[in-house]
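Trainee: With the sequence up front, the predicted model follows.
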Amino acid sequence: MNSKKIEKRFEAIRTLLAIVIALLIALVVIVIVSDDPANALYNFLIGPMTNARRFANVIELSIPLMFCGLAVSIMFAADQSNMASEGAFYVSCTVTSVIAVLWKLPPLLHMIACLAAGTLTGIIIMCIPAVLKAKWQANELVSSLMLNYICLYMGNYIIRTRVLDTSLGITTSLGFQETVSLPNLIPGTRLHLGLVFVILAVILCYIMMYHTGLGYSIRTIGQNKNFAKYAGMGVGGVVVLTQVIGGALAGFGGATEMIGMYNRFQYQGLPQYGFDGMLIAIMAKYNPALVPVAAIFLAYIRTGADIMNRTSDVPYEIISVIQSAIIMLVVAKMFLNRLKHKQIVKYSKLELEKKEAL
Amino acid sequence: MYSRYMGLSDIDSPMLNRRSDKEIAMAETILSMENITKIYPNGFIANKNVNFELRKGEIHALAGENGAGKSTLMKVLFGEEQCEEGKIFFKGKEVKIDNPLCAIKMGIGMVHQHFMLVPSMTVAENMVLGLEPEKAGFLNKEEAVKRTIEVSEKYGLEIDPHAKVKDLSVGLKQRVEILKALLRGADVLILDEPTAVLTPQETVEIFEELKRLRELGHTVVFISHKLNEIKEICDRITIMRDGRTIDVKMVEEVSEQEISRLMIGRDVQLKTDKTPAKPGQTFLSVKNLSYTDAAGQQILKDINMTVRKGEILGIAGIEGNGQNELSELVTGMRKLRTGQIRIGGEDISRKSVREIRELGVSHISQDRMTYGVVSDAGVADNIIADRYYRKEFKKGILLNKKKICEKTDQLILEYSVKCDNREQPVRMLSGGNMQKVVVAREFSSDPKLVIANQPTRGIDVGAAELVHRKLLELRDREAAILLISADLTEIIHLSDSIIVLHGGAIAAYFEDVKQMDPVELGEYMLGIKKMTREQIGGAVHEQ
Amino acid sequence: MKQIVNIIFSTQFFYSILRISTPIMFASMGALITSRAGVINIGLEGIMLFAALSGVIFSAVTGSAWMGFLGAVATGVLIAILMSYVALILKSHITLTGIAINMFASGSTVFILYLVTGDKGISSSLASKVMPTVALPLIGKIPVVGEILSGHNILTYLSFLAVLFTYILLNKTVIGLRIRAVGENEQAALSVGAKPVKYQFIAMLISGVLAGMGGAYMSMGYVSWFSRDMVAGRGFIALAAQQLGQGTTLGTMCATFVFGMADALANNLQALQMPSEFVQSIPYLTTIIGLVVFSIAKQRKELKRIRENNQKAV
């Protein structure tokens, strides 16, 4: 036991406690608003585990969440509050859809074309705030938030003018070609090859962040930019590169989601995976290895909330209470701080006594 | 604009001149600090049983080298720091000063080097901030202006109450700070190196202001290194060294040389374990280097010097005379605009920090927390910052963790860094151990040129000893070393030759430190003396 | 082209600028006050959204538009308190806290809307009230000017009062003086006894009131219902307006009008043969361009200053 371990343990306890408190708040709300709280709670908490299909839903949902969680983790690790993952993901979905509908290619090539186009789109979108900041120091937070709205309309425009299915009356594209859909992994579920992709992405990101020079410089820049400059790192280049990587992940995630889960474009608005990505990044402390854990947690409560929404009188949006409470408590420095301080003081005193005893 | 300066038409009248010794001796004691001991949380003892006494109506100089404990003592007095031991008596009563507000209420004011002013506000608004005259929540601006004018007239310190602070010159900003303290009823005014930021004309003005305050019965503490200034306006002087009070004197009775000797004058013993340097070829050469900062202040003026392989060139000087800028220019962290710097024969003006480091340059920055370490990262991550991209620490495209761990462990051992393990965040280490991590990184890359800027500041004796030993080892391995330090013992002990920087220019060059008189060095540092161009020219060695 | 010119030079167009700028005006004044206290209030968006919903609910329940308005403002303050507590007392990252507040608002408003109406999209089943419009006496009679200025919702006029209020608060009152001191030089404020957290909290509360009014206008003036995510980035646009305004009340107001004009133009262009998606993007695009222009101008100024200083030194 040493003070570093105490700190680490407290970080973990804090995050867990934040999650527990957030869940408790949600439960209280459910009990208050529901006529049949037992049923609602059961479906919310246990629902996703009651059958394989539902559990598969959790995993399916965690795929885009992981992609976006990774994207945000890497950018936040370099201290870049670029929130454009949302827009990057969305536009990537629409571009992918256009290619999936209109192009005629052999199966494998068609998939690759979709994924490549989606990735490229993601990179381009994510680089807009990055370049605006690098070149003119325009605040990347506000510009990326604004960009998300533009992305929404740009995506809608792409769908409407290129591949709109006019027979349905809502924004939906024509059906994708058969040649694009990613192979299914487990029959009876919608689990697709994207899962393999995202696991690979997690591993690669983890290796990059903790086992390569690039990841090392990203972390160093995020923690102390001045020091990074002093040690001779190319700060500006790395900062833009993190956003290129973030854009690639969000874009690839969008493309995977489209051709893995759907056979036509049918989003009615931004899917919020970008913002969820931020939540995941915060819970995972920007560590790619923890991103799947956080993403599956989020996917689980989202799926639970969805089941509850369908089977009881409590709407799905309860989820936002949990999400925001977790963010606020996890990032609050003073939350549990006194307890941590006490522990460290206690430890230091013990050490001192040991020394004096010798 | 100062021609309307009130009350100073008669600055030569005897009334405004230095008070006589008799007057001072008879004046009552307004404040005394007894046996003050201040230990910082990292164990650094800044004040040891310090005694300090102020008499009503005097201008009292508090002098001493950097790190002698002057600022700490004044922080204790102003309630910014709490002392572990000691008592403070103010106007005859023992007082406890927990915070600055408490000090202000008692009648103690302080003018910091960094002004506590709000730039976008007017002078009057700044004056009354915190004790605003109000009418139903509205700021009564007329009243604020009136009070400002009142206090400014009372003390003859003219100021435009409607001017925005950001439009004022540094001298006028300082005047606002003084007025602010006076408005709050300060009887004792502490000025922390007030002239450091002023032009000569402004310095003349503030001296007149201070004399006037003395005339009105206020007591002034004047923290300074500038002996001529102390001689000019102060009545008494307290000299501190190594956290202790060395002497208290009537200024009239001591010469500048004597003060300088008291501030610096220890019996400097040259350690015999240092072998004579065998300087080789010139490795760093600086030619006609000048530097002007963003605020338009000229920081460095026409610096010419060389550092040869196998020698330690010390740069002595009071802090803030261009040392930091010099080290940051040489290491590429600041953009070179005027002059030329060559390292190993190569012009560095278009090189990045990494390219310069690749030439064999190591750099210990004076600001350890900002530039020396990533405080949240572990020891290993801090060690590899300058070399993680090199082949020896890579396995294909991956980092060679095993190699990194080995190297880190070896360095932890070699530099006896006290830490739990190599993953421990360096913020948990003591200052000395943190500096050992910095030094371990910078010294282990087999450097050809080391820029060591204040390498032992604020660290314990053991760690400092280690840094010194390692610096000498590097020198003996033919590295060129530029040692910047405000600590005279350190610089005299380690350097083979010494340059003195004063006001951004080279004031002196001593080819052989052994033949140098430390007292003389102090005189150059404090600007009492300056060498001729020819003498200084010795700092350049052509290869 | 001629059509566009016709639109721009019509009195309706100027009338609509005022109408459209109103919610942003409230929010940008809120953004201004907090930023002068040294806090970036990213949560304005969420505060407005909450206020918009509660205005609808309160007015439907009480049958009074004014009660609805008060309810909206109170809700705004409540959310601002929550955010300030987490950010200032628990010391969490202000930006992330703001984003969390926005997430919270986006979901919770739909949640509450569903519980109240059984609908997740729109509150049309609630008999909510709308704040009254006011025909200005005298001014209303003047041709052109009257048409532009008169007949607005009372909250539009209130938004002008909010500008006046902000100006007076920041420049004439003791609290304003301290807010500015805290934002500009925390150490200086502290050294004379003005506690930074206290004044930042006060600034957040005031911005809660203002954003609450902006939210009320959204659902009780701009339109007469609440719909999900109806604030649509106006809180963020307000932040950008405040940056463009360089911290001054007048500048922020002008920047707000510029964004309001872009929005009004977008609304009018929809009638033309333009892709609606492009038109809808105009306000956001304007904001980004505004940010960049502002940043470039600032950089230029800085460069010029350095150059001048260097010349002076030489």
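Mentor: Here it is on my side, so go on.
Trainee: Which helix or which strand is home to C:L113?
Mentor: Taking DSSP states H and E as the definition, C:L113 sits inside helix C:94-117.
Trainee: Can you name every helix or strand that that helix contacts?
Mentor: Where contact means 3 or more C-beta pairs under 8 Å, 6 or more residues apart in numbering or on different chains; DSSP states H and E, helix C:94-117 is packed against helix A:273-283, helix A:318-331, helix C:44-62, helix C:65-84. All C-beta spots, glycine's among them, are computed from the backbone N, C-alpha and C.
Trainee: right, so those: which one is the most enclosed?
Mentor: Mean neighbour count (mean count of other C-beta atoms under 10 Å in any protein chain shown) peaks for helix C:44-62 among the helices and strands packed on helix C:94-117, with a mean of 28.
Trainee: okay, now the domains of chain B?
Mentor: Following automatic domain parsing, chain B resolves into domains at B:23-115+B:169-264, B:266-360+B:446-543, B:373-445.
Trainee: what stretches of the chain score poorly on pLDDT?
Mentor: Unless you meant another one, I'm taking chain A. Judged by pLDDT under 70, chain A has its weakly predicted residues at A:1-4, A:344-345, A:348-349, A:351-352, A:355-358.
Trainee: meant chain B, my bad for not saying
Mentor: Scanning chain B with the threshold set as pLDDT under 70 gives B:1-26, B:41-44, B:66, B:265-273, B:543.
Trainee: Low-confidence bits of the stretch 151-300 of chain C, can you list those?
Mentor: The stretch 151-300 of chain C contains residues with pLDDT under 70 at C:271.
Trainee: interface residues of it facing chain B?
Mentor: Proximity of the stretch 151-300 of chain C to chain B (C-beta under 8 Å from any C-beta of the partner chain) is limited to residues C:172-178, C:180-181, C:184-185, C:187-189, C:191-194.
Trainee: Kindly report the residues of chain B close to chain C.
Mentor: Within reach of chain C by C-beta under 8 Å from any C-beta, chain B has these residues: B:100-101, B:104, B:114-121, B:125, B:129-132, B:134, B:137-139, B:292, B:294-298, B:337.
Trainee: which among those residues end up buried?
Mentor: Among the residues of chain B next to chain C, the ones that count as buried by 16 or more other C-beta atoms under 10 Å in any protein chain shown are B:100-101, B:104, B:115-118, B:120-121, B:125, B:129-130, B:132, B:134, B:139, B:292, B:298.
Trainee: A:W136 is nearest to which of the domains of chain B?
Mentor: Relative to A:W136, the nearest member of those by C-beta to C-beta is domain B:266-360+B:446-543, separated by 18.7 Å.
Trainee: chain center to the closest one: distance?
Mentor: 17 Å (C-alpha atoms, centre = their mean, to the nearest Å).
Trainee: do the same with stretch B:79-99
Mentor: 25 Å.
Trainee: Surely A:A26 is in contact with A:I318?
Mentor: Yes - look at A:A26 against A:I318 with C-beta atoms under 8 Å: they come within range, at 5.5 Å.
Trainee: Show me the residues of chain B next to chain C that map onto helices.
Mentor: Under the assignment DSSP state H, those contribute B:100-101, B:104, B:125 to helices.
Trainee: Closest residue of the stretch 251-400 of chain B to chain C?
Mentor: B:G296 (2.9 Å; C-beta to the nearest C-beta).
Trainee: Give me the phi and psi for that residue.
Mentor: Phi and psi for B:G296, reported as degrees, to the nearest 10, are phi 90, psi 10.
Trainee: Now the residue of the stretch 51-200 of chain C found nearest chain A: closest residue in space, sequence neighbours ignored.
Mentor: Minimum separation of the stretch 51-200 of chain C from chain A (C-beta to the nearest C-beta) falls at C:G107, amounting to 2.2 Å. Excluding the flanking residues, the one nearest C:G107 by C-beta to C-beta, 6 or more residues apart in numbering or on different chains is A:S320, at 2.2 Å.
Trainee: For the one you found, which residues are in contact?
Mentor: Residues near A:S320 by C-beta atoms under 8 Å, 6 or more residues apart in numbering or on different chains: C:103-108, C:111.
Trainee: which one of those is nearest chain B?
Mentor: Of the contacts of A:S320, the one sitting nearest to chain B (C-beta to the nearest C-beta) turns out to be C:M103, at 27.1 Å.
Trainee: burial measure for that closest one, as a count.
Mentor: Neighbours of C:M103 under the rule other C-beta atoms under 10 Å in any protein chain shown: 23.
Trainee: So for it, what's the pLDDT?
Mentor: What the model reports as pLDDT for C:M103 is 92.
Trainee: cool, and the one 3 residues further on?
Mentor: Residue-level confidence at C:S106 comes out at 93, pLDDT.
Trainee: Report the separation between it and A:I21.
Mentor: C:S106 sits 21 Å away from A:I21 when distances are taken as C-beta to C-beta, to the nearest Å.
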